[in-house]
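what shape does this take:
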Amino acid sequence: MSRFVIACGGTGGHLAPGIAVAEELTKAGHECVLLVSRKGVDERLSAKYANLTFVKSPGRGMQGGVLGILPFLASQVHSIWFAFRLLSKKTGAVMAFGGFTSTGVVIAAFLRGIPVALHEANRNPGRAVRLLRYFAKRLYLPDAVILSGVRASIVRYPGYPVRSEIRRIPRAQARETFGIDSIGKLLVVLGGSQGAASLNKWAAENARALCANGISLVCVCGPAQDVPADFEMPHAGGMAKARFIAFCDKMGTLLSAADIVVSRAGAGSIAEIVECVVPSILVPYPFAVDNHQQANARYLEQQGGCVVVDQERLGGLLSEVLDLAYSDWMQERLSFNLEQVRRNNSASDIAADLCQLAKLPEASGAQPVTSPSP
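Sure, this is the predicted structure:
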């Protein structure tokens, strides 16, 4: 058994898959340390996992344009020194999910001769992974994505590791958790771990129209966003409700309750939607770095797994929602296609491959991912 250090802080899209891999390694008896940032999103999510060890790393993202360069570089030097002291001889491997928490520990691991694995979730690889790829002995990429400057032999395509709690459960049971009638349609609106003001505004402005059409609403607004008041109203089939919540720590249950999801197109949100097999309308964040959300959404659309509505077309989103909500054929078609792209336990596969990288027995009996996707 050995020790693994996983750098996964800064966003829910980095932290959630890090937790998923740590769960598998811990289950197999290994020690895991998860390096996270000091941001609120990391604190909220990590608080749920008392069985895992989280360490807050120094460092900050690039902020403030040219004036922010020196503080950013100083913080990265600090994080390298911090990581160098954290890593020990019994550390089998370091895994990093990108973002500013990855740089220090990857460089420190390289200097100590510890194998490094990088995971890129987005179809347009981020700056951290592009920079750090030269230090890696393993690179996990989305299907069919190629990153120049790396040997094909180190690349694997295991998929996005989803936490064990993100699983589909019976719809009636899921709806009871959120106080939503089992009869009638339910739309869930998600803006990612930080929320999305434009989607929150759309949900608030269209909530009564949705309820009048027999569609209940749950909108996860994000912890830094304004949260409108809940309400309910009768319709021909019963009572429809509109609920607005700042944060949801039962995402698998919420997705299982939904007929349709409207969501941003972060890799983590998409992976959880696919895992729970929910028809979705994706609205990519237009200012995402390298426009990666647009690439993520369009790829799933090409697989027949979602509908994409660009942000400048939000005025037509209500029509798209109503059309999908009352088209059983379209919902069945999207669900069928999602089943085709849904993966087996990627977290288990990655854990097994990390053990192989660290020259250890495989975790959880899973087979390591040894060949890239066609």
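
with adjacent residues omitted, what lies nearest to Ala16?
Gly268 (5.3 Å; Cβ to Cβ, 6 or more residues apart in numbering). All C-beta spots, glycine's among them, are computed from the backbone N, C-alpha and C.

any idea which element the one you found lies in?
Assigned by DSSP states H and E, Gly268 falls within helix 267-275.

can you pull the buried residues of that helix?
267-275 (16 or more other Cβ atoms under 10 Å).

out of the residues you listed, flag the one nearest to Asn200.
The closest of those to Asn200 turns out to be Ser269 (Cβ to Cβ; 15.1 Å).

what does Val55 show for phi and psi?
phi -130, psi 130 (degrees, to the nearest 10).

just Ile107 next, same as before
phi -60, psi -40.

repeat that for Lys90.
phi -90, psi 0.

ok, it - contacts?
Going by Cβ atoms under 8 Å, 6 or more residues apart in numbering, Lys90 touches 2-3.

what values do phi and psi take at Ser88?
Torsion angles, degrees, to the nearest 10, at Ser88: phi -130, psi 170.

how close does it sit to Ile114?
9 Å (Cβ to Cβ, to the nearest Å).

was I right to think Ser182 contacts Arg171?
Yes - contact between Ser182 and Arg171 holds when scored by Cβ atoms under 8 Å: they sit 7.0 Å apart.

the strands in the chain, which residues?
3-7, 31-36, 53-56, 91-96, 116-119, 138-140, 155-156, 185-190, 215-220, 231-235, 238-245, 260-263, 280-282, 307-308 (DSSP state E).

can you tell me the closest non-neighbouring residue to Pro284?
Gln293 (3.7 Å).

how near is that neighbour to Asp181?
Taking Cβ to Cβ, one finds Gln293 at 33 Å from Asp181.

out of these two, which sits in the busier spot?
Set Gln293 next to Asp181 and count neighbours by other Cβ atoms under 10 Å: Gln293 wins out with 27 against 16.

which residues touch the closest residue to Glu23 other than its chain neighbours?
Take Glu23 and drop its neighbours on the chain: the residue closest to it by Cβ to Cβ, 6+ apart is Ser164, 5.7 Å away. For Ser164, the contacting residues are 20, 23, 347, by Cβ under 8 Å, 6+ apart.

just checking, Glu320 touches Ser280?
No - with contact defined as Cβ under 8 Å, Glu320 does not count as touching Ser280 (11.0 Å).

so between those two, which is more surrounded?
Ranked by neighbour count (other Cβ under 10 Å), Glu320 and Ser280 place Ser280 first, with 28 against 18.

nearest the geometric middle of the protein, what residue?
The centre of the chain sits closest to Gly268, judged by Cα atoms, centre = their mean, with a distance of 1.8 Å.

ok, that one - contacts?
The neighbourhood of Gly268, defined by Cβ under 8 Å, 6+ apart, consists of 12-13, 16-17, 121, 160, 192-193.

from Val41, how far out is it?
Counting by Cβ to Cβ - Gly268 and Val41 are separated by 12 Å.

closest to Leu324 out of the strands of the chain?
Nearest of those (Cβ to Cβ): strand 260-263, 5.6 Å.

Ser88 and Ile114: which is more packed in?
Using other Cβ under 10 Å, the more surrounded residue of Ser88 and Ile114 is Ile114, with 21 against 10.

so the more buried one is in contact with Met95, correct?
No - the pair Ile114 / Met95 is not scored as a contact, 10.8 Å apart, by Cβ under 8 Å.

show me how this structure divides into domains.
Following automatic domain parsing, one finds the domains of the chain at 3-160+344-365, 171-341.

would you turn these into a markdown table with mean pLDDT?
Listed next are the domains of the chain as a markdown table, based on pLDDT from 0 to 100:
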| stretch | mean pLDDT |
| --- | --- |
| domain 3-160+344-365 | 88 |
| domain 171-341 | 92 |
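
mind saving the C-alpha coords of stretch 135-146 as CSV?
Provided in CSV are the C-alpha atoms of stretch 135-146 (Å, rounded to 0.1, in the frame of the first residue of the first chain):
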residue,chain,number,x,y,z
PHE,A,135,6.4,16.5,-16.5
ALA,A,136,3.8,13.7,-16.8
LYS,A,137,4.3,10.0,-17.1
ARG,A,138,0.6,9.5,-17.6
LEU,A,139,-2.0,11.8,-19.3
TYR,A,140,-5.7,11.1,-19.1
LEU,A,141,-7.7,12.8,-21.9
PRO,A,142,-11.3,12.9,-23.1
ASP,A,143,-12.1,10.6,-26.0
ALA,A,144,-10.4,11.4,-29.3
VAL,A,145,-8.6,14.5,-27.9
ILE,A,146,-4.9,14.7,-28.9
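
which non-adjacent residue is nearest His30?
Met1 (5.3 Å).

so that neighbour touches Lys27, yeah?
No - if you go by Cβ under 8 Å, Met1 and Lys27 don't touch, sitting 11.9 Å apart.

select the longest helix from this structure.
helix 69-86 (DSSP state H).

and that one with strand 31-36, angle?
When axes from the mean of the first three to the mean of the last three Cα atoms, to 10 degrees is applied, the directions of helix 69-86 and strand 31-36 differ by 170 degrees.

just want the angle from helix 69-86 to strand 3-7.
170 degrees.

next one: Phe110 from Thr103, what distance?
On the measure of Cβ to Cβ, Phe110 and Thr103 end up 11 Å apart.

what do you get for Arg342?
33 Å.

look at these two and report which has more neighbours.
Ranked by neighbour count (other Cβ under 10 Å), Arg342 and Thr103 place Thr103 first, with 24 against 16.

no further questions, thank you.
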